[in-house]
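Q: Structure here, sequence nowhere to be found:
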């Protein structure tokens, strides 16, 4: 797969790679498929340790993300809890800005001292 990806992308590799396999080897190998500055997103869950070459990881300056492997029923449950008021989403929103002012606020939101938990852009 590595050679084929290099051929398809002209040696640049994909900027975003999703691995939803839940397979240790696949997830370990996925680090090598990401473009410099790209993102590797693990959706699948594996009950094992995943190891990677740290110098290669840093050389690529990639972002590693984990995403929950939720089912449609999981999302329905969460949505019902929000709609019923069982979950108060307002308490998680720490910052707001109107759409036309979002760019003015965005750089501030990125600073740790702003203590952003969830920023909301109002349309």
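A: Received the coordinates, thanks. Just so you know, these numbers come straight off a predicted model, no measurement behind them. Residues are numbered from 1 along each chain as shown.
Q: Residue 115: how many residues sit nearby?
A: 9 (other CB atoms under 10 Å). The C-beta positions use only the backbone N, C-alpha and C, and glycine is treated the same way.
Q: Does it touch residue 94 like I think?
A: Yes: with contact defined as CB atoms under 8 Å, residue 115 reaches residue 94; the gap is 6.7 Å.
Q: Quick check: pLDDT value at the residue of the chain positioned farthest from its centre.
A: In the chain, the greatest distance from the average C-alpha position (CA atoms, centre = their mean) is reached by residue 84, at 28.0 Å. Residue 84 carries a pLDDT score of 96 in this model.
Q: cool, residue 43 as well?
A: Residue 43 is given a pLDDT of 86.
Q: List the backbone torsions phi and psi for the spatially closest residue to it that is not a sequence neighbour.
A: Sequence neighbours aside, residue 20 is the residue nearest to residue 43 in space, at 4.0 Å (criterion: CB to CB, 6 or more residues apart in numbering). In terms of degrees, to the nearest 10, the main-chain angles of residue 20 are phi -120, psi 20.
Q: and residue 20, how many neighbours?
A: For residue 20, using other CB under 10 Å, the count is 14.
Q: The chain should start at 27 in everything you say after this.
A: Sure, I'll start counting at 27 from here, so that last one is residue 46.
Q: What does the pLDDT read for it?
A: Taking residue 46 on its own, its pLDDT is 83.
Q: And it, how far from residue 78?
A: 18 Å (CB to CB, to the nearest Å).
Q: Equivalent analysis for residue 62, please.
A: 15 Å.
Q: Residue 145 now?
A: The separation that residue 145 has from residue 78, given CB to CB, amounts to 31 Å.
Q: mind checking the longest helix of the chain?
A: helix 98-110 (DSSP state H).
Q: which residues are contacting it?
A: Applying CB atoms under 8 Å, 6 or more residues apart in numbering, the set of residues contacting helix 98-110 from outside is 94, 113, 115.
Q: Just give the number of residues close to the last one.
A: Other residues within reach of residue 115, judged by other CB under 10 Å, total 11.
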